[in-house]
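> requesting a structural model of the entry that follows:
(chains A and B)
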2 protein chains.
Amino acid sequence: MGSAPSPPSTELSAYGQRLASAAPIPWNPQPFALDFRYGELAGSDFPTLAWRRALANAVAKRPSRLRYGDPRGLPELRAALQGYLWRGRGLRCEIDDILVVNGSQQGFDLCTRLLLDPGDRVVIEDPGYNLARQAFLTAGAELSPQPVDREGMQTATLPPARLAFVTPSHQLPLGSILSAPRRQELLAWAARHGAAIIEDDYDAEYRHGVGPVPPLRSLDQTGRVIYLGTVSKTLSPTLRLGYLVLPPALREVFARAKRMVDRHTPELEQAALAELITSGAYERHVRRIRRRNGERRAALLKALRERLGERVSIVGTDAGLHVLAWINGLPQAREAELTERAAAASLGLYGVSGLYDRPDDFERRAGLVIGYAALDEAQIAAGIARLDGLLRELGA
Amino acid sequence: MGSAPSPPSTELSAYGQRLASAAPIPWNPQPFALDFRYGELAGSDFPTLAWRRALANAVAKRPSRLRYGDPRGLPELRAALQGYLWRGRGLRCEIDDILVVNGSQQGFDLCTRLLLDPGDRVVIEDPGYNLARQAFLTAGAELSPQPVDREGMQTATLPPARLAFVTPSHQLPLGSILSAPRRQELLAWAARHGAAIIEDDYDAEYRHGVGPVPPLRSLDQTGRVIYLGTVSKTLSPTLRLGYLVLPPALREVFARAKRMVDRHTPELEQAALAELITSGAYERHVRRIRRRNGERRAALLKALRERLGERVSIVGTDAGLHVLAWINGLPQAREAELTERAAAASLGLYGVSGLYDRPDDFERRAGLVIGYAALDEAQIAAGIARLDGLLRELGA
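I've put the predicted structure just below:
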């Protein structure tokens, strides 16, 4: 008697298979002692008292019936965001254009599900944000990476596509601002091809000595732009609160999708954010941490200048919470050597090459995406001093 | 000169098109004055003080760096859930089997994405939970609805499929408990076909005078069962906190998917729930509301018996937070007439026919899914008195 055949294993969907076979994007459970990872904030900057009070009020105001909420988000939060977007970003929209989501990542995900089929083309910035890139790849999209220069993503020769993903206010990671002619070119392209544009306005609150740039969404006449905002860079990435501003034609299907994927964003946190915005505490907080991050940025630029001088070229300093440092004496092929040596010395440094579509371009210099919002001035100076030492070890 | 062609509109993906063309599942912004909607809880049952204290502690304990968390959930919450599942449900699992999600709906959604391709077959209970059903349909699945009787879903003639969705502890909506032979039959079927089983244990905390039933997951020898738990029926559906217990082979891809769809569940609420469970406050709360809901259930059964007597047949009373009332003198074709008249009189009544795969079965009687957890005894009595009046108007 032969042995019974072993039962078939649980098969993954095509989506699951793409996800399982993708190169993992690393996630460190513990930060390094000195860590320049971009996207992290200092715990001491969090408005603890205001948030605790707002949460406590939200708990106290709980309604007589606990029931599933509006998939689009709490009406009071959407009204508060409408006002904030107008005051803070010069963006006019209707309350019903706004969909509250669990941070930007859920925004990307809803866009990929509702707008992309496997095989569809997506225009992305090169270099660009790796988790958005991976969301599109996992959806089965064909990527069409576009070079980025001082005017942002190049838009002259965009191929037909279903979707474009851009960071017009502050290109991630190079820091450039998409120029006015390119904005028009991008919008005309989208109208021509029936494409949608995701505008990721991830750190628009931070402008250093330059005026605010209105979002691409403000120029959009044909309902192509999906604007994506977040509090991950002003309050905390752990809250998972973000919002989409949708073209009218997409409101209904996005609300249905939000309900289908998780009903709605947790209501206590939504109510707390609504209270913070409505009371003015949120914008006071933003002004305070903008100033605080300006101090950190000044300390970083000073340390880079004094320690490293001409050995690095710094770009993207006008906005946001990171700068990009090109290492002039080190080829890109040795970038990993630098970041690995840093890690061994408990220094968190992050190479830019992982954000390129082709990481292995041997024309490029090594580059570091330096986030500074989670460190104080002494830590920033100490970290750059260590970087100096490492570069000397590497002969750069 | 002819006019320029109008630009193409933004096209939806196949998923988006299925979602846009699906019949909407209604959502009422406002409850009725007396509302028997299932899945809603009384605000007065929420442990306001304990939750506020736990949240305040979580805010106060915020780390020195605010950074994206573990996609699987906070380690302390997963450890607390492991203990709770063992004490409360007799379910042994490893901490790494647990994935924290934003309520059950996100659990369904992750399962559909990772395990279903368009055209795949899914076994569902008939009648069954409409939002799970819609999640499968939107994924493009072919449904294979199986009749439910007093022993739960019939399992003798299941077709090959990729996935089965079941509520073994308390069938939604009929209330039966899946019998031991059928549990074995279902597990053998899954092993034979390489299918996964989603076990939705949505209201397992509520047993009225009957012993607890161990979950299907406890019997699973071959890694087929994905267990799904939630606090939506014990704390609040607005918190959006749930958890999957995964077979080892699926842990990694589900964690990747969770990161891709929204990074992780909000951490303050995770920390608050961990504290509630670890301190014992959660289980004290569950005992308290189990007792309280037992009182409501007794009031409902008494009102149904005294007011309606033989005119209704009540099933599914042993567990959960709802009962099913078949209206003996009213054919299913008149169910909508009853619920619409009720709505006009500010009474929320919910017909069972919408939970069937074929809503228009003229052999069936009208039936009501009566949820009672959000009402007090006087409201329950008043609501059933109104139902009595409506049935008399309809001649039933």
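> pLDDT score for A:Arg72?
With respect to pLDDT, A:Arg72 has a value of 97.
> then the one 4 residues further on?
For A:Glu76, the pLDDT comes out at 97.
> buried residues in the helix or strand harbouring it, which are they?
Applying DSSP states H and E as the criterion places A:Glu76 in helix A:75-89. Within helix A:75-89, the residues that count as buried by 16 or more other Cβ atoms under 10 Å in any protein chain shown are A:Pro75, A:Leu77, A:Arg78, A:Ala80, A:Leu81, A:Gln82, A:Tyr84, A:Leu85, A:Gly88, A:Arg89. The way it works is simple: take the backbone N, C-alpha and C, and place the C-beta from them, glycine included.
> what ranges do the helices span in chain A?
A:14-21, A:48-60, A:75-89, A:103-115, A:130-138, A:180-193, A:251-262, A:267-278, A:281-303, A:335-344, A:377-393 (DSSP state H).
> possible to save those as a markdown table with distance to chain B?
Formatted as a markdown table, the helices of chain A follow (distance: least, Cβ to the nearest Cβ, whole Å):
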| stretch | distance to chain B |
| --- | --- |
| helix A:14-21 | 4 |
| helix A:48-60 | 5 |
| helix A:75-89 | 9 |
| helix A:103-115 | 4 |
| helix A:130-138 | 6 |
| helix A:180-193 | 4 |
| helix A:251-262 | 4 |
| helix A:267-278 | 4 |
| helix A:281-303 | 12 |
| helix A:335-344 | 16 |
| helix A:377-393 | 11 |
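> deepest of those helices, which one?
Highest mean neighbour count of the helices of chain A: helix A:103-115, a mean of 26 (counted as mean count of other Cβ atoms under 10 Å in any protein chain shown).
> just the CA trace of it, in PDB.
Below are the C-alpha coordinates for helix A:103-115, written out as PDB (Å, rounded to 0.1, in the frame of the first residue of the first chain):
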ATOM      1  CA  GLY A 103      -2.100  57.000   7.000                       C
ATOM      2  CA  SER A 104      -0.700  57.500   3.600                       C
ATOM      3  CA  GLN A 105       0.000  53.900   3.000                       C
ATOM      4  CA  GLN A 106      -3.700  53.100   3.000                       C
ATOM      5  CA  GLY A 107      -4.200  55.900   0.600                       C
ATOM      6  CA  PHE A 108      -1.700  54.300  -1.800                       C
ATOM      7  CA  ASP A 109      -3.300  50.900  -1.300                       C
ATOM      8  CA  LEU A 110      -6.800  52.200  -2.000                       C
ATOM      9  CA  CYS A 111      -5.600  53.900  -5.200                       C
ATOM     10  CA  THR A 112      -3.800  50.800  -6.400                       C
ATOM     11  CA  ARG A 113      -6.900  48.600  -5.800                       C
ATOM     12  CA  LEU A 114      -9.400  50.900  -7.400                       C
ATOM     13  CA  LEU A 115      -7.300  52.200 -10.300                       C
END
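> now it: mean pLDDT?
On average, helix A:103-115 scores 97.
> off-centre distance for that helix?
In terms of Cα atoms, centre = their mean, to the nearest Å, the centre of helix A:103-115 is found 13 Å from the chain centre.
> then stretch A:79-95?
That offset, for stretch A:79-95, works out to 20 Å (Cα atoms, centre = their mean).
> what sits up against it?
A:75, A:78, A:98, A:100, A:201, A:204-205, A:212, A:214-215, A:217-218, A:227, A:229, A:243, A:245, A:248, A:273-274, A:277-278, A:282-283, A:286 (Cβ atoms under 8 Å, 6 or more residues apart in numbering or on different chains).
> can you rerun that using 7 Å?
Under the criterion Cβ atoms under 7 Å, 6 or more residues apart in numbering or on different chains, residues A:78, A:98, A:204, A:212, A:214-215, A:217-218, A:227, A:243, A:245, A:274, A:277-278, A:283 lie in contact with stretch A:79-95.
> how about the residue in the stretch 51-200 of chain A positioned nearest to chain B, phi and psi?
Distances between the stretch 51-200 of chain A and chain B by Cβ to the nearest Cβ are smallest at A:Gly194, namely 3.1 Å. When read as degrees, to the nearest 10, the backbone of A:Gly194 gives phi 70, psi 30.
> follow-up on the earlier one: as JSON lines, the helices of chain A with distance to B:Arg307 would be great.
JSON lines is the format used below for the helices of chain A (distance: least, Cβ to Cβ, whole Å):
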{"stretch": "helix A:14-21", "distance to B:Arg307": "51"}
{"stretch": "helix A:48-60", "distance to B:Arg307": "37"}
{"stretch": "helix A:75-89", "distance to B:Arg307": "38"}
{"stretch": "helix A:103-115", "distance to B:Arg307": "47"}
{"stretch": "helix A:130-138", "distance to B:Arg307": "55"}
{"stretch": "helix A:180-193", "distance to B:Arg307": "62"}
{"stretch": "helix A:251-262", "distance to B:Arg307": "36"}
{"stretch": "helix A:267-278", "distance to B:Arg307": "35"}
{"stretch": "helix A:281-303", "distance to B:Arg307": "52"}
{"stretch": "helix A:335-344", "distance to B:Arg307": "72"}
{"stretch": "helix A:377-393", "distance to B:Arg307": "71"}
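> neighbours of the residue of the stretch 51-200 of chain A closest to chain B, how many?
Per other Cβ atoms under 10 Å in any protein chain shown, the neighbour tally for A:Gly194 reads 16.
> so it is in contact with A:Arg224, correct?
No: applying Cβ atoms under 7 Å, one finds A:Gly194 not in contact with A:Arg224, separated by 8.6 Å.
> what residues does the stretch 101-250 of chain A put near chain B?
A:102-103, A:105-106, A:109, A:113-117, A:134-135, A:138, A:191-192, A:194, A:196, A:222, A:224, A:236-240, A:249-250 (Cβ under 7 Å from any Cβ of the partner chain).
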